[in-house]
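Student: coords below, sequence missing:
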């Protein structure tokens, strides 16, 4: 059985395997399970008038919700006693969040009209074990519950079988690239224009348009008008005849008769648009791939055209060796220009990225548990992307087969519910 077939079979059996594991391991409770105040189905806990989680102890009740409309996420709380709304200044409240990895965050509150408002942001993901402590008229109240989202547990054995691999989020050097389009053209440094030395009658032309000639080969015989003696023009270089403007019996005059181009040397002309100009410099390395297929070739930008092209593009020229003749003038190419290196303090591998709700995420790994980390992203290269927020340096996160972890998180139903 090959590796692909094995992985497909494991994926088909993943739900049953995880279900079996959940019955005999310390899998975190589902979202909304209250440890005090009675058993409540996942995400089906008692709610208050503001659609928040309703916590009750005798005649005292507290409604706690995460508010995130137009502001960064924050806790709002409303308190009642004997069913009557209490003034926010009458209640003292503190919430402790225990995140994955036993990270404790203490959230304090201040009065805000008829409710209490947290003094700090409740950062994503909203996945934590919660301890709520409130006091009113000398009486203390305490609740504990778990509210997990984007979290699952996978045993080391199953993780290995599914090919889940991880890496450590750390600093890196990004290779900055600019992708452009262009075409192959003749290199004018290796072309020769052929004129008659003396005016006269063209007696014979030995070459045809598109024919390859060797250096020194006879091209045209002309009978001089002055001496009436014939002389022969030979090929100054080896190459292809790309222009033929003469036939026997014509006067040679001072016009262009023939052009010979050595196509073992060509240019790639690349269109650099205004938004990309600052990033592209002379001397930059370029990887060029013909649209007709085949292996890419590597060259260096040696200069720019003196005038702009279509859509205000600047033409960059890359000299290329073409001894095998594969790069035919007129062929379209794609090109990747290495525009520099940037050292950044934190990156993740692009292969580990997944979507979760409206976020781009990776899955952090702590022990046997995996949980989303919502990322704020910056610059990138072919392999890595800069992380500006949402992930701590040194975090272990999933790279290979992260989609498997996403699938299990979605199956578990650990949702964004407050």
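Tutor: Perfect, I can see it now. These numbers were taken from a predicted model, which means no experiment stands behind them.
Student: all helices of this protein, in order?
Tutor: Ranges of helices in the chain, per DSSP state H, are 3-12, 14-22, 156-161, 402-412.
Student: now residue 89. Nearest residue, chain neighbours left out?
Tutor: Leaving out its chain neighbours, the residue that sits closest to residue 89 by C-beta to C-beta, 6 or more residues apart in numbering is residue 111, at 4.5 Å. For the C-beta atoms, the positions are set from N, CA and C on the backbone; glycine is no exception.
Student: next: residue 322.
Tutor: Sequence neighbours aside, residue 266 is the residue nearest to residue 322 in space, at 4.8 Å (criterion: C-beta to C-beta, 6+ apart).
Student: show me which residues of stretch 201-215 are buried.
Tutor: The neighbour-count check on stretch 201-215 (16 or more other C-beta atoms under 10 Å) flags 201-202, 205, 207, 213 as buried.
Student: I should have written stretch 158-170 there, sorry.
Tutor: Residues of stretch 158-170 classed as buried: 158-159, 161-162, 164, 166-167, 169 (neighbour count, 16+ other C-beta under 10 Å).
Student: now the two most distant members of those.
Tutor: 161 and 169 (24.9 Å; C-beta to C-beta).
Student: model confidence score at the closest residue to residue 105 other than its chain neighbours, please.
Tutor: Nearest residue to residue 105, sequence neighbours excluded (C-beta to C-beta, 6+ apart): residue 97, at 4.5 Å. Residue 97 carries a pLDDT value of 97.
Student: can you check residue 415 too?
Tutor: Predicted confidence (pLDDT) for residue 415: 56.
Student: okay, and the beta partners of residue 80?
Tutor: In this entry, residue 80 is beta-bridged to residue 61, residue 85, by DSSP bridges.
Student: got a list of what it touches?
Tutor: Residue 80 is in contact with 60-63, 86, counting by C-beta atoms under 8 Å, 6 or more residues apart in numbering.
Student: next, format these as JSON lines and append pLDDT and neighbour count.
Tutor: Shown next, in JSON lines, are these (pLDDT from 0 to 100; neighbours: other C-beta atoms under 10 Å):
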{"residue": "60", "pLDDT": "98", "neighbour count": "20"}
{"residue": "61", "pLDDT": "98", "neighbour count": "20"}
{"residue": "62", "pLDDT": "98", "neighbour count": "24"}
{"residue": "63", "pLDDT": "98", "neighbour count": "21"}
{"residue": "86", "pLDDT": "96", "neighbour count": "19"}
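Student: how near is the closest residue to residue 123 other than its chain neighbours to residue 374?
Tutor: Nearest-residue entry for residue 123: residue 73, 7.3 Å, with adjacent residues in sequence omitted and distances by C-beta to C-beta, 6+ apart. When distance is defined by C-beta to C-beta, to the nearest Å, residue 73 is 11 Å away from residue 374.
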